[in-house]
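**Student:** Show me the folded form of this:
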Amino acid sequence: MSALMFSVRFIFLILCMFFSRSLSKLERLEHPVTKSDGSLNILVVGDWGRQGGFNQSLVAHQMGIVGEQLDIDYVISVGDNFYDDGLKGDTDPAFEASFSHIYTHPSLQKQWYSVLGNHDYQGNVAAQLSHVLTQKDWRWFCRRSFVLLSGMVELFFVDTNPFVEQYFTDPEDHTYDWSNVLPKDRYISNLFSDEKVACHMEICRGTSWDQNRSGIQFLTSGGGSKAWRGVILPWDIPKELKLYYDGQGFMCLHITHSQAKFIYYDISGNVLHQFTLSK
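**Tutor:** Coordinates of the predicted model:
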């Protein structure tokens, strides 16, 4: 999937913030909080890995500037890490060409937490999950699904690629690496079993954010390289939609004990949209 309107294949469950429950099976990680007030600054990007082309380097440059200004704690990648067909293996030079040699700004020398996009599944999935890449670049961490505990926040990373039936029934000219995913129904069932204990009952009822007053907020980010400006056909934009941008950019999260602020930047570092949720 291309970088359309900050498109994303994986639902970034920032909605799970400000509540904590034990999970049954998903891998749990902890990222220590370093700021004295306990706040977090996080950059979010997706659809980026094009060896610097299609303005990837320009987006990376702006990420570095914003990252320095905000003193970010880490970066989240929401998938389509390597175009067009993922990595061929853990020795694929595209890893350095699209990641290590692009995100070179000092402020981006922080941990990257990544999941897979549909283009990543068109390559060797095990390569992106391999510790070999972490040995090449310590910043790299990629899993299918996991939970990140960071101070007062729990972030749920959920791989939803196997949920897309078309990838199985009508893959067109693409070949997907479904190793360790098939049988699909069992994979999805196990994932749901993990999620519903801590997230499904709370999030889907809208009770995880201040007693059901706010409910669910859906956020998407991407556009780290190629965008299809002007190609999208006209469509009826729902009134609930706060931002639609047919271009490139990234998102920043500023999280404190009482609120979460979301800022969308374009390729030039201009603020496209921002809003705040209070607890």
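**Student:** okay, and the helix or strand of the chain with the least pLDDT?
**Tutor:** Of all regular secondary-structure elements in the chain, judged by mean pLDDT, DSSP states H and E, the least confident is helix 201-203 with a mean of 47.
**Student:** And the pLDDT for the closest residue to R144 other than its chain neighbours?
**Tutor:** Closest residue in space to R144, ignoring its immediate chain neighbours: D159 at 4.2 Å, by Cβ to Cβ, 6 or more residues apart in numbering. (C-beta placed from N, C-alpha, C; glycine too.) Per-residue confidence for D159 comes out at a pLDDT of 88.
**Student:** Hmm, D159 is touching S145, no?
**Tutor:** Yes - the pair D159 and S145 passes the contact test of Cβ atoms under 8 Å, sitting 4.9 Å apart.
**Student:** For these two, indicate the residue with more neighbours.
**Tutor:** Taking D159 and S145 together and counting by other Cβ atoms under 10 Å, D159 has the greater number of neighbours (23 against 19).
**Student:** does that one count as helix, strand or coil?
**Tutor:** Per DSSP: H, G, I helix; E, B strand; the rest coil, the secondary structure class of D159 is coil.
**Student:** So in this protein, which helix runs the longest?
**Tutor:** Longest helix in the chain, counting residues (DSSP state H): helix 56-70.
**Student:** Buried residues, that helix. List them.
**Tutor:** Across helix 56-70, burial judged by 16 or more other Cβ atoms under 10 Å covers 56-57, 59-64, 66-67, 70.
**Student:** now it: mean pLDDT?
**Tutor:** Summarised as a single mean, pLDDT over helix 56-70 is 98.
**Student:** repeat for stretch 97-117
**Tutor:** Along stretch 97-117, the predicted confidence averages to a pLDDT of 98.
**Student:** Ends of it, what's the gap?
**Tutor:** Criterion Cα to Cα, to the nearest Å; first-to-last residue distance in stretch 97-117 is 18 Å.
**Student:** can you give me the strands for the chain?
**Tutor:** Chain-ordered strands for the chain, with DSSP state E as the definition, fall at 28-30, 40-45, 74-77, 112-114, 140-142, 146-150, 153-157, 249-255, 259-266, 271-278.
**Student:** Now render the ones you listed as CSV, adding distance to L87 and mean neighbour count.
**Tutor:** Converted to CSV, those look like this (distance: least, Cβ to Cβ, whole Å; neighbours: other Cβ atoms under 10 Å):
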stretch, distance to L87, mean neighbour count
strand 28-30, 22, 13
strand 40-45, 18, 24
strand 74-77, 14, 23
strand 112-114, 12, 23
strand 140-142, 10, 21
strand 146-150, 19, 19
strand 153-157, 19, 23
strand 249-255, 22, 24
strand 259-266, 27, 19
strand 271-278, 31, 14
